[in-house]
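S.K.: pasting a predicted model and its sequence here:
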Amino acid sequence: MQLTEILNTADVVLTPDQEQAGIGNTAISDITCDSRQVVQGALFMAVDGYTADGHDYIAQAFDKGAAAVLAEKIPQGLPREQALYIVLSKDTRKDTAIAAANFFGHPSKDLVLVGITGTNGKTSITWLLEQIYQTCGITCGVIGTINIRYPGTTIGNPITTPDAVCLQKTLHDMKLAGVTHVIMEISSHSLDQHRVDGCDFNAAVFTNLTQDHLDYHDGLNDYFACKRTLFTRYTGPFEDGTRGKAVINIDDEYGTRLADSLDQPVIRVSADREADIKAIDITDDIHGLDGTLDFSGVQAPIHSKLTGRFNLENILCAAGAAFATGICPESIAQGIAALERVPGRLEKLSTELNRHIFVDYAHTPDALECILKTLAGRAPARLITLFGCGGDRDRTKRGPMGVIACRYSDIAIVTSDNPRTEDPDAIIDEIIDGIRAQGFKPIDRYGSNTSEKGYIRMTDRAKALALAVQISKPRDIIVAAGKGHETYQITNTGTILFDDKEHLTRACTNALTPRPWNLKDLCNALGCNAVTVRGQKNLADAKATVFKGIGTDSRTMSPDMVFLALAGDRFDGHSFIPDLAEKGVSAFVVRQGYLDTLDLNQTREMDQGRICFFEVPDTRVALGHLARYHRMRSNARIAALTGSNGKTSTRKMAQNIFCRHHDTLATRGNLNNEIGLPLTLLRLAEIHEWAVVEMGMSHPGEIERLSAIARPDIAMVTNTHGSHMEGVGSLENVARAKAEIFKGLPPGGTAIIFADDPRRDILIQAAKENDHTARLMCFGTQPNSDVLLSEISFTDHGIAFFLNMDGHTRQYTVPSPAAFMAFNAAAAATLSKAAGIDETDIARGLDAFVPIKGRMHLKHLANGLHLIDDTYNANPRSMDQALKVLNRLAGRNRGIAVLGDMLELGAQSRRHHRQVGHLVAALSPAMLLLFGTQVAQIREGAMEKGYPAARIAMGAKKELEEILKMSTQHENWILLKGSRAMAMETLIPTLEEIPAERAN
C-alpha cells in the first residue's frame, strides 16, 4: 500500500519537496508506533507518550529500515535525506488511528462492533455478551482488560483498549478468522487519545461513572464528557445513514444525563425503574440471581450464577447490547444462564476450607462499595476484606476506599496493591489516615481481638493474604480486592509474578495440612525404633527427618511422606517399596521380616539412599497406632457414631451443623473401618476443632478397636437392626457389638443412644460400664428423651417434624421423602447438642442437608421419570423403609421396585428376603424387578402373598435394562436398592437415557 493511501483523510499535507520527491508513492509494508517493531519498509508513527516520546526513536526507526515516519516535529541533527521522509502531523495520535484504519481496510465496517464504556462493569459485560453470542452460534471476538480473544487465539492485553495500530490489526485478524461480532472495552484514555478513531460501533454501552482516573481527567465532569464521546463521535451516522444504538444504564445518575442528552436511538436499562429493558421480581443471594427481564413487554425468565445488584446492572447492560444487535430475549436469557464466572470479578475460589473466598478487581471507591455491600448482606458469618490502592494514580480515593472497607467489613486488612514507583507504606499511610479520621480502630493481628471490628495493617500482600485465611473462622467471607485477574504486581523495584488466587489457595491448603511427623513421633507412635535396611539403629544421617504425612496408596506418595505397606487378600503394599524408594520416599512402615526378603541389589540401593524402616508385627494395627497418636496430639474433639442404619446421613447432617461454627473434619465416603477411620484421623490439622466420624463393623471387636483409636469425646449408636448378622448371629449381639463404641470414651465423655431401640437396655448398660461416661443422652419418640421427636409430616419438599430440647419445641425440615430421616435428624441434633451447639445452628444445618447420593436421593429425570436412588446399601430395615417411601410417592400399581440381594445376613438371609417379598405383595407396586441370587426368596415371598408372577422379572442387569426401557411410563417412580456389592446404581444411566417420548 502506498503512503498516500494510508494517510488519506488524515490531517497531513506533504511539503513541496516531498511532493517533488514523490514520497507519497512510497510502498509501505507495515505500520507501527513501537520503534522496536519496525521492519524494512514500515511506516513509523512517532507518538509522544507518558513514559517515552516516539520522536526520540525516529533515527532508530530509520536505521531499522523504516520507509517513512509520521511525526509532529523533526528531531534536530537528523540527516536531510531522512528528514524528507517525515510527514508532519498536527496530532499524531489522531492521524495514527486514521492511518491504521486505512492500512487494515477499515475492518470495523464489516463487523458488528459493540463498545462498552463506564467506570465499572465493563469486563463482566463483555463476558456476558460473549456468552450470549456463543449460545446463539455467533463467532465473536473480545478486546478487553483481561485479554484479546477469538476462536483459536488468546493474546495478553496490558491495557483496557490497545493502541490504534494494535486495535485495527486485531480487528483485521478477527475478520480473517471468521469473526462476525466484536465486543470491546473502551477506556476514557482511549477515547481521549483517539485510539478508537476509525471504528464504527453498532452499539455502545454506558455502565456507570464514579471516581476514577482523576489523576488524568480534570474532574468528574471532564471524565464524563470524555466517556460521552463514544456515543456522539463513533456511532454514526454511517455511510448508509444509519446510527448505532446507545444502551445506557439509567440507574446511574450520569447514565440518565447521558440518555437525555443524546440525539440517537437509546435503549434504557434499569434494575428498578421504568425502562426499555427492566428487571422484575429479582431474588439475589450468595448462589446467584433469579427473576425476569422485561423487553418492552416481552418477558424472559433469567438465572445467573453472578450475584449482587451491580451484577444485575451488568446483566441488563449485556442484555441491552445483545438486543440492540438483533438477539431475541429467549436467547439472551439462555446465554446469561450459561456463564459460569467472570475471571477476577467477584470470582469464588474452590477450596476445601469452610470459607467463602473471592477475588475481585475492584480498585475504585464505588466498585469496592458495590462488592462489599453485596457480600456484607450475604455473609453467613464475618466479612474480611483485603485491599490496597495503586501507586501513581488518583490519591484522593485512598482515604475513602479505606473508610468503605472498614464500614462494610468486620476486619479490613490494608496492604499493598500495585505501588508502581511509590513507597507502598506511604500509600498505606494515606489509606489509614482516612480510616482513623472515621474512628475505626486497629486490631493486633497477634492478639485476641481479631474477633473485633477494625483494621489490620500488613504491607506485604502475600503475608496479608495468608493472614486473612489464618484469622478467619468457618463460613467467613474473605475478599481480596484490587487485582482480580492480574497475575503480577508492579512494584518500585519492577514487575513480579503475583496471583491473589494462588496465594489464597496455598493458604487454605496449608491450613488443612496435618502436623508433620519427625522420627521421634514415629518411634513413639509405633513403639519401635527405626532401622536401616541392614538393621542398624543409628539414623543420624537419615535422608529425611521430617515427613508431611502417612500414606498407604503408592499412587499418591510424594518423597516427603512415610509409606505404610498394607497387605490384603489380593494386594501387598510391600511390593511397591523398591519403586517408591527409587522415587525418593525414604521412610517405610513394614511387617517384620520384610527386610530379609530384599535381594542384594535392593539392599545396596536402599542403604545408599539412607532409607529407614519401622518393622511392626501388623501394619494394619500400626496404622491405628499412628492415627491414635496423631489424634491425641491434635486439638480436635471427636464425635463418633455407629449403627445399623443411617450412619452416613446422620454424619452428614451433624457435619452440616458442626461446620457452622467449627472447622470440622468428617469421614469421606465409606472410610469407616480399620483402614478408613485411621486414614480419616490422620487428616486432622491444627485448624480442626471437631471431627465427626463413622465406625462400621462386620464382626464383634471391630468397633472396640476403632473406638480405642479415636477416643471419641461423644459416642453414639444410631440404632441396632438386622445388618451384619452373618458376623454376629443375633440382634442382641448386634447391639453388644455396636455398644463397643462406648469403651473408648475418655473421662467426661458423652454416650448417646436411640430411646426407641428395642435393645436400648443393652446399650445403656454398656455405656454405664465405662466409668469415664459422664453423661448419657437419648433421642427418639420416648417421653424421657433429651431430644424428643414428634409429629412427622410430609411436605412438597420433604418432611417436617418437631424436636423438643430443654423444654423448647421447634419445627425442623429435611429435604427427603423418607420419614426415617427425621430420626437421623434427631440423632444429629443430639450429637450437636452434646457438643454445645445451639438450636438455631442445628435448624440451619438440617435445612442445608442434601441427601447423599445413593441414600434415599430423589432425582426427577428430564424424561418425566422419577428415581429413588437408595443404592448405597441394603438390610431388612432399610429395604422396608424404602419400599414404603416408593408406595407413598407412587401409589399402588404405579411404582417400579428394582431390588438386589441383601448381603451379610447369615442364616437369617432366606427369612429376611422372603419377608421383603411379603411387603411387596402388601404394597403392590406396578412391577418388581430382581437382580441377584438371594432375591429369589423375594420373588417367592411376593407370590406367596398373592403378588402376580406376571409382574415379576428376575435376571441379569442387561435383561432388566431392556425391561425398563420397554415398561416405564411417564411419571413412573422407580426405586433402585440393593447391597453395596450389587452396584444397583449402574442401572441409573439406562433410566436417564430413555427418550421422553418413550416414557410418555
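M.R.: Ah, there it is. Numbers count the residues shown, from 1 in each chain.
S.K.: specify the beta-bridge partners of residue 245.
M.R.: Residue 245 has these beta-bridge partners by DSSP bridges: residue 203.
S.K.: how near is the residue most central in space within the chain to residue 501?
M.R.: Using Cα atoms, centre = their mean, the residue of the chain that lies closest to the mean C-alpha position is residue 350, 3.1 Å off. Residue 350 sits 10 Å away from residue 501, going by Cβ to Cβ, to the nearest Å. (C-beta placed from N, C-alpha, C; glycine too.)
S.K.: tell me which helix or strand the spatially closest residue to residue 31 that is not a sequence neighbour sits in.
M.R.: Spatial nearest neighbour of residue 31, excluding adjacent residues (Cβ to Cβ, 6 or more residues apart in numbering): residue 43 at 4.5 Å. Assigned by DSSP states H and E, residue 43 falls within strand 42-45.
S.K.: mind exporting that strand as CSV, just the C-alpha atoms?
M.R.: The C-alpha trace of strand 42-45 is given here as CSV (Å, rounded to 0.1, in the frame of the first residue of the first chain):
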residue,chain,number,x,y,z
ALA,A,42,7.4,0.2,7.6
LEU,A,43,5.7,3.5,8.4
PHE,A,44,6.7,4.5,12.0
MET,A,45,4.3,6.8,13.9
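S.K.: name the residues of it that are buried.
M.R.: 42, 43, 44, 45 (16 or more other Cβ atoms under 10 Å).
S.K.: identify the farthest-apart pair in those residues.
M.R.: Greatest spatial distance in the buried residues of strand 42-45: 42 and 45, 9.8 Å, computed using Cβ to Cβ.
S.K.: now for those two: what residues contact both?
M.R.: Here residue 42 and residue 45 have 31, 32 as joint contacts, going by Cβ atoms under 8 Å, 6 or more residues apart in numbering.
S.K.: now do the strands in the stretch 901-1000 of the chain.
M.R.: 927-931, 952-954, 973-977 (DSSP state E, counting those that start in this stretch).
S.K.: again, but for the stretch 251-400 of the chain
M.R.: 266-270, 277-285, 288-295, 298-304, 347-348, 356-360, 383-387.
S.K.: select from those the stretch with the lowest mean pLDDT.
M.R.: Least confidently modelled of the strands of the stretch 251-400 of the chain is strand 347-348, at a mean of 90 by mean pLDDT.
S.K.: list the contacts of it.
M.R.: Contacts for strand 347-348 (Cβ under 8 Å, 6+ apart): 341, 356, 357, 358, 359, 360, 484, 485, 501.
S.K.: check stretch 419-435 too.
M.R.: Outside of stretch 419-435, the residues within contact range by Cβ under 8 Å, 6+ apart are 388-393, 395, 398-403, 405-406, 412, 414-417, 455, 457, 459, 490-492.
S.K.: same question, stretch 758-768
M.R.: By Cβ under 8 Å, 6+ apart, stretch 758-768 touches 717, 720, 731-732, 734-736, 738-740, 742-743, 751, 753-754, 757, 773, 776.
S.K.: got it, and stretch 328-339?
M.R.: With contacts defined as Cβ under 8 Å, 6+ apart, stretch 328-339 is touched by 127-128, 131-136, 293, 295, 298-306, 315, 318-319, 322-323, 327.
S.K.: show me which of these are buried.
M.R.: Buried among those by 16+ other Cβ under 10 Å: 127-128, 131-136, 293, 295, 300, 302, 304-306, 315, 318-319, 322-323, 327.
S.K.: so which of these sit within helices?
M.R.: Secondary structure from DSSP state H places 127, 128, 131, 132, 133, 134, 135, 315, 318, 319, 322, 323 of the buried ones among the contacts of stretch 328-339 in helices.
S.K.: what's the farthest-apart pair in those residues?
M.R.: Taking Cβ to Cβ, no two of those sit farther apart than 127 and 323, at 17.4 Å.
S.K.: what helix or strand is residue 141 located in?
M.R.: Counting by DSSP H and E, residue 141 is found in strand 140-143.
S.K.: what's that strand packed up against?
M.R.: If contacts are counted by 3 or more Cβ pairs under 8 Å, 6 or more residues apart in numbering; DSSP states H and E, strand 140-143 sits against helix 122-135, strand 147-150, helix 164-176, strand 181-185.
S.K.: how about a cut-off of 7 Å?
M.R.: The elements that strand 140-143 packs onto, with contact taken as 3 or more Cβ pairs under 7 Å, 6 or more residues apart in numbering; DSSP states H and E, are helix 122-135, strand 147-150, strand 181-185.
S.K.: filter the contacts of stretch 758-768 down to just the ones in helices.
M.R.: Per DSSP H, helices hold the following members of those: 731, 732, 734, 735, 736, 738.
S.K.: who wins on neighbours among the residues you listed?
M.R.: Of all those, the highest neighbour tally under other Cβ atoms under 10 Å goes to residue 738, namely 31 neighbours.
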